[in-house]
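Colleague: Sequence first, predicted model second:
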There are 4 protein chains.
Amino acid sequence: MADRYFTGTDRVRYEGPDSDNPLAYRWYDPDRMVLGKRMADQLRIAVCYWHSFCWPGTDPFGSGTIDRPWMQPGDPVAMAEQKMAAAFELFETLGVPFYTFHDRDIAPELGSLRETQAAFARMTEAAQAHMERTGIKLLWGTANLFSHPRYMAGAATNPDPEVFACAATQVRDALEATHRLGGVNYVLWGGREGYDTLLNTDLTRELDQLGRFLTMVVEHKHRIGFPGMILIEPKPMEPTKHQYDHDVATVYGFLKRYGLEDEVRVNIEVNHATLAGHSFEHEVATALALGIFGSIDINRGDPQNGWDTDQFPNDANDLALPLARILEAGGFTTGGFNFDAKIRRQSVEPDDLLHAHVGGIDTLARALLSAEKLVKDGRLRRFVEDRYAGWTGPLGRDLMGGMDLASAADAGLAMDPKPRSGRQEMLENLVNRVV
Amino acid sequence: MADRYFTGTDRVRYEGPDSDNPLAYRWYDPDRMVLGKRMADQLRIAVCYWHSFCWPGTDPFGSGTIDRPWMQPGDPVAMAEQKMAAAFELFETLGVPFYTFHDRDIAPELGSLRETQAAFARMTEAAQAHMERTGIKLLWGTANLFSHPRYMAGAATNPDPEVFACAATQVRDALEATHRLGGVNYVLWGGREGYDTLLNTDLTRELDQLGRFLTMVVEHKHRIGFPGMILIEPKPMEPTKHQYDHDVATVYGFLKRYGLEDEVRVNIEVNHATLAGHSFEHEVATALALGIFGSIDINRGDPQNGWDTDQFPNDANDLALPLARILEAGGFTTGGFNFDAKIRRQSVEPDDLLHAHVGGIDTLARALLSAEKLVKDGRLRRFVEDRYAGWTGPLGRDLMGGMDLASAADAGLAMDPKPRSGRQEMLENLVNRVV
Amino acid sequence: MADRYFTGTDRVRYEGPDSDNPLAYRWYDPDRMVLGKRMADQLRIAVCYWHSFCWPGTDPFGSGTIDRPWMQPGDPVAMAEQKMAAAFELFETLGVPFYTFHDRDIAPELGSLRETQAAFARMTEAAQAHMERTGIKLLWGTANLFSHPRYMAGAATNPDPEVFACAATQVRDALEATHRLGGVNYVLWGGREGYDTLLNTDLTRELDQLGRFLTMVVEHKHRIGFPGMILIEPKPMEPTKHQYDHDVATVYGFLKRYGLEDEVRVNIEVNHATLAGHSFEHEVATALALGIFGSIDINRGDPQNGWDTDQFPNDANDLALPLARILEAGGFTTGGFNFDAKIRRQSVEPDDLLHAHVGGIDTLARALLSAEKLVKDGRLRRFVEDRYAGWTGPLGRDLMGGMDLASAADAGLAMDPKPRSGRQEMLENLVNRVV
Amino acid sequence: MADRYFTGTDRVRYEGPDSDNPLAYRWYDPDRMVLGKRMADQLRIAVCYWHSFCWPGTDPFGSGTIDRPWMQPGDPVAMAEQKMAAAFELFETLGVPFYTFHDRDIAPELGSLRETQAAFARMTEAAQAHMERTGIKLLWGTANLFSHPRYMAGAATNPDPEVFACAATQVRDALEATHRLGGVNYVLWGGREGYDTLLNTDLTRELDQLGRFLTMVVEHKHRIGFPGMILIEPKPMEPTKHQYDHDVATVYGFLKRYGLEDEVRVNIEVNHATLAGHSFEHEVATALALGIFGSIDINRGDPQNGWDTDQFPNDANDLALPLARILEAGGFTTGGFNFDAKIRRQSVEPDDLLHAHVGGIDTLARALLSAEKLVKDGRLRRFVEDRYAGWTGPLGRDLMGGMDLASAADAGLAMDPKPRSGRQEMLENLVNRVV
Ligand SMILES: [Co+2]
Ligand SMILES: [Co+2]
Ligand SMILES: [Co+2]
Ligand SMILES: [Co+2]
Ligand SMILES: [Co+2]
Ligand SMILES: [Co+2]
Ligand SMILES: [Co+2]
Ligand SMILES: [Co+2]
């Protein structure tokens, strides 16, 4: 393993549940068939650049602890190339089919937008070469519209239209790069599309700016023939006090307002769901019910801390039910599981990145196998169908089919509906018995 | 003051800021002109039956502490009449123009839906007589679709269509009673329209049931010629784990989904806003931006406790900015401020209800006067206009007017937008200087 | 199974992991040896009266849904006897070794304290007979000092010393009844020992009253020769805004203040831990570190709802690490796992109580088996020992052994400590591999 | 105003409530007498280095927006001198009596601890010169034991004793510098004294290390004759998952455990109080009740965001009651109000710092005047005394004076305490009428 950055292993392999090798998969067996597809094709796992190769371990009270060779002083593009080599080394070591990036993850921010654009073009070519060499594909690309000071008051929602135009530059370039690299989705995360205080904010205008921007992106996608899906990633707050893409239901209303509900779907992040006061399963179920389910940023938050901790998932039980919902609905189309997760600030060894991903991937695989059992078992689904059976009878059909309030009210007078147990505890036990 | 229930005073009167009479208004001066309307007409204050006359002081760990004559054993309708007499005594003592009720607040739940209906009809007549006698009007009526065990799994969203029909009976009757009493709005609060667990819930179906129910209500409103507004009251959770009318933005998406956004507006409750993780001002601003602002349930929550404490408002500073937004948008049309607020469980004296309302009403009046100053001062509004001035220039107009992403992106390349302070602290100071 | 209240089965038995019988244990195998003790003796499971036999399914927005024969009109003591028969039927059906009660759970509140006392004495005798008949033992007794209106402003912390005296009556009687019934602990939960508003509260005085009360209880325990442990159950809020027994660390400070740290331990409730912003494991670890670990009220809260939902536990993974800590520390002495958990309001069938307890008990058993594996594996413990190994070397011993700040500071100047990974992800994976 | 960094004004002066000058005080009138002391001596206001001169406007998603001359490349000590000149310019412009610093605020972190120590010594001398020149005093000094990577796993609680020794170096030096500069307090904030995961943490050992460290600091304080007070600043979490100095009550228990309760007091930060789930007033009241009230870090959090936003205070109503408590208890002794507050990331103009402090200082002054009125009015205090009057009667004195539980219980049997309203709403109105 000469010249390797991740020294623990050159390939994480499936060794089964009894393996005691910490850098082997015990559950992730890519070719195993799960409900008619390879496990790898059901999960569509991606490793992301953002947290794994760009974050130096800073937090609001401390400087960087994670010291990578590509974070040293030196030519920024050379550093970006070194970073990319290490990134693809990790992707290959893990054996995952996909990766994801922001424009500023793979290429440096330079003195001017034009120089930065050139560096991004060059790094896009480098990525293409790595992809051809390794066969690793791009789940999605995106543009970082939040780190540069020019975006401090928003990108599309900035009070200054010049900033909107700069955002357009970045998104046009990132979308076209994603297209060129064969990406299957393009994501927008509006970390600065919100407000710090309502005192200086014109909410109506900012919503319209955001609607306009998204419309331009959708039109451009069609113009260039990008076949992928446009995704919005909801998050309720952080870095701003309030973000407009608050949660799935809010994004749905926004899309309906600007007539984009058939063009855009959501990229749900687990930790953003919990920051919004929802369970992850709720956000998945809501997106499926509203017809805008797209992809997932898989991670976990800390139930006691009120910020985006972006920890690696490690509890398969938490993910089995959301996964069963996704499977029942037919599984991912363009989406997948992207590890928008970061190691802890004290995990300073390169191999900590390996451990983190191995644990996360196995958690997904184990959850998938549990979800498969739930779907095959079918008792949960049948319980729910039975519970609502009255709605397929005459009264239910009439009520949904056009009966007016007065007739329903008269019918109601004659009724004395029987209480029926919701059976929550029995169902919770059932899940534990199946998974 | 013979035979009075509230003995502290027979009329709370305006005595000005220097009054030391705890049962006088220091700020609420109904005839004072504020931005072209009487203060009373700007605030449109309503006292509500629910917390003030029906709640006996129970909490999840304790039995009732508040012992009213109408809560004794006896004929339920006679008790309801006694309650109504006390309620109108309070309304008159406070000198408020409006009240609000649930069907089950003013009339008892009896053995069958039919008997209950008859009692409700009789109490509606009694209310009409009190209203004629006193001149007090009805801000809105509503139906209690959450207390009866039949609604334990939802009303419109119940798995059993018979329960939907019972809900139709109640809402038809309550809507028609509201119409008969000249109510200016009709409210729906979906306390059980949500889920306790996703395990037994068909989310898609329940949303469709709720959309269907609301559509039926809107059609019936038109059929009977009710001129008032239909309002939905958002609340994120409690009593259920998750309620479908989560917050203003969620309700907006729901209305768009079922084509009801021109027919229905929101009744925003302060404590529900904070339970949803929003500031009250945010919810008001969002409703105004989305064109669905209706009315307000004024109260306050406890910032450290995670349930609906429904305390009386007592900080005028907290309310000045939301009120200024409402005034800038033209003020209430059909809506008003309804005191969906309850005294504390230890406030066992009848006159505690007087103190609570006097404090709450004065808080609103004082906030209104502050809001008037902010609107007249105009500096906040002008700061915001200036901040977005670029959007009325050539670039801004082009971007909003149809420029495509490629052109915007090319324009962006040439730009180097200047950082401009958001001035949050200066604006916060400005508010303190004005109010 | 004639005359049974719980009809699903007359005995829940261990059938192993492959059983598909929903009313069998798959993990709870009482006689299985776990780290040198029978599983039943490690877990010391108790069923509690409070939620399972007394709560009618009310919530702040709805009336009772759960209709038990002993909740009907009739002679209160006869009803209490019927309730007790059903309770012991459940205890026997589940095959648990312990139960717990409040004075007002097993005997009714009557018109006067004296009559209530007599009823409680009679029901204590009835309990004694049931216990002799069944062999089921009492984990702890307690007094309900929160439901009666006299306690609305606190029991020991009431502004009125007469209420303190009433609380003394109840606690004296409940403690002596617990002693008579062979209870192994006596618990105090201070649900009203807190404040609704600081405006009317003398914090210093109330803390001293609470310290005095607890001192009196401890002295009485010794006087009557009660060999059990006195336990305080921390809870941060609800029903009051703030409770003095906020969390384990707060209770520790309180005990130290009144010199009671060797006499009193804590009864940690999972849902109270999370309401206080702590993980359950944190509260267990803190109590063990401070030497005041006593017993556990096992349940779970809802991560998205801010009140005490007291749900049955159903995730063994969540409980494995806290259990491993308890085992490493030697296991329970007087304590045990008490199901302070309630079925959901929609779980209206008697057998829902069976399902809930079977699921909860199996969750504990499964967690115990995982904890056993973690303890036997030993890698976690050794990792921690290694991590702190420097503290057993010369520098560590000197620093802890009395070196002064100046000497330590001079030593520090010469040092350049090496960064060492905290290995969080690897350890999380290790736990998943072991359990 | 040649060569000034803050160009808005060279001196903020008191101009009274009617002033429309945004850079004048409307309430802060240093020489005005308030309850027997100058306003300046009651408030003892300090400006802090940390947020105002060192923070570049970074957040977890964005790079610095605030570009100060002393943040440029160049000789670090020269930069520190420029920063100090700007800092004292601000202190003088505001006319505040105090400032506060961390060791790493005033002097740079250099390549080795020894070089850093020398730079700190040199900057301490520079500070002394500025203090003599301006008459501005030091409220407290402290050491930054959280930014350097060596502290990633804690300072005193680090698994590596070498890191403990480095912390000793910093604290010894910072304490002695504070002594030399005539500081009236020395503060410890344990931002890394906590854990990221319990998996790798020995809680018992870490608490003992922290107790040992604090004991060494207290001994050294006496050895060098430092007359000031040692203060601990509670914070529940952030940057770690859990910090040992969680809140006031937890710190009290910790001090009792290590016998330090007479040597150490608390520095309460408003935003840390709310992060811990407490009101600021609660933390102040608790510290006063437990005898460990010291000083205050004045700021405010965002009620909807779960991290330490450290905003400037701007609501005098929120602070009036805590201030009234402090005044009733005799006011500050060594403590004061330190502005541990930062401007928003978008407030990029130097003068935004002026606006922020002017608003914050006026908020404190206005709150002080309200608190003075509450104290002079006396009705709140008398209400509370009356409410507990029974405790000065015979029963109350006996209960507190040694009556045993059995006697109290017998007394209780004869009692039927009368319900008495807690009068919360009336008291809230009273506060609004007085302030
Ligand atoms: Co994400
Ligand atoms: Co995230
Ligand atoms: Co309401
Ligand atoms: Co409410
Ligand atoms: Co409990
Ligand atoms: Co509980
Ligand atoms: Co601070
Ligand atoms: Co802070």
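Modeller: The structure has been received and is ready for your questions. Ligands and ions are numbered 1, 2, ... in the order given.

Colleague: Would you confirm that residue A:100 belongs to a helix?
Modeller: No: counting by DSSP: H, G, I helix; E, B strand; the rest coil, residue A:100 is not found in a helix; it is strand.

Colleague: Quick check: it vs residue A:49, distance?
Modeller: Residue A:100 is 7 Å from residue A:49, where distance means CB to CB, to the nearest Å. In this view, the C-beta of every residue, glycine as well, is placed from N, C-alpha and C.

Colleague: between the two, which one's more packed in?
Modeller: More crowded of residue A:100 and residue A:49, by other CB atoms under 10 Å in any protein chain shown: residue A:100, with 26 against 19.

Colleague: so that one makes contact with residue A:137?
Modeller: No: Residue A:100 lies out of contact with residue A:137 (CB atoms under 8 Å); the separation is 10.4 Å.

Colleague: Which pLDDT does the model give residue A:229?
Modeller: Residue A:229 is assigned a predicted lDDT (pLDDT) of 98.

Colleague: Name the SS class of whatever residue of the stretch 51-200 of chain A ends up closest to chain C, please.
Modeller: Residue of the stretch 51-200 of chain A nearest chain C, by CB to the nearest CB: residue A:65 (6.7 Å). Under three-state DSSP, residue A:65 falls in the coil class.

Colleague: And for it, the neighbour number?
Modeller: Residue A:65 has 23 nearby residues by other CB under 10 Å.

Colleague: Ok, the one 3 residues further on next?
Modeller: Counted with other CB under 10 Å, residues neighbouring residue A:68 total 18.

Colleague: Contacts only, for it.
Modeller: Each residue near residue A:68 by CB atoms under 8 Å, 6 or more residues apart in numbering or on different chains is listed here: A:53, A:56, A:83, A:86, A:350.

Colleague: switch the cut-off to 7 Å
Modeller: By CB atoms under 7 Å, 6 or more residues apart in numbering or on different chains, the contact list for residue A:68 is empty.

Colleague: hmm, back to that, shared neighbours of residue A:100 and residue A:49, anything?
Modeller: In contact with both residue A:100 and residue A:49: no residue, using CB under 7 Å, 6+ apart.

Colleague: Give the full set of residues in contact with residue A:86.
Modeller: Contacts for residue A:86 were tallied using CB under 7 Å, 6+ apart; they are A:5, A:53, A:70.

Colleague: again, 8 Å this time
Modeller: Residue A:86 neighbours (CB under 8 Å, 6+ apart): A:5, A:6, A:53, A:68, A:69, A:70.

Colleague: you'd agree it is in a helix?
Modeller: Yes: assigned with three-state DSSP, residue A:86 falls within a helix.

Colleague: picking that back up, with distance to ligand 6 as extra columns, can I get the contacts of residue A:86 in a markdown table?
Modeller: Below are those laid out as a markdown table (distance: CB to the ion, whole Å):
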| residue | distance to ligand 6 |
| --- | --- |
| A:5 | 50 |
| A:6 | 46 |
| A:53 | 45 |
| A:68 | 47 |
| A:69 | 52 |
| A:70 | 51 |
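
Colleague: quick check, nearest of those to residue B:342?
Modeller: Each of the contacts of residue A:86 was checked against residue B:342 using CB to CB; the closest is residue A:53, at 54.5 Å.

Colleague: looking at this, that closest one is in a helix?
Modeller: Yes: assessed by three-state DSSP, residue A:53 belongs to a helix.

Colleague: Those residues of the stretch 251-400 of chain A touching ligand 2, which are they?
Modeller: Within the stretch 251-400 of chain A, the positions adjacent to ligand 2 are A:271, A:308, A:310 by CB under 5 Å from the ion.
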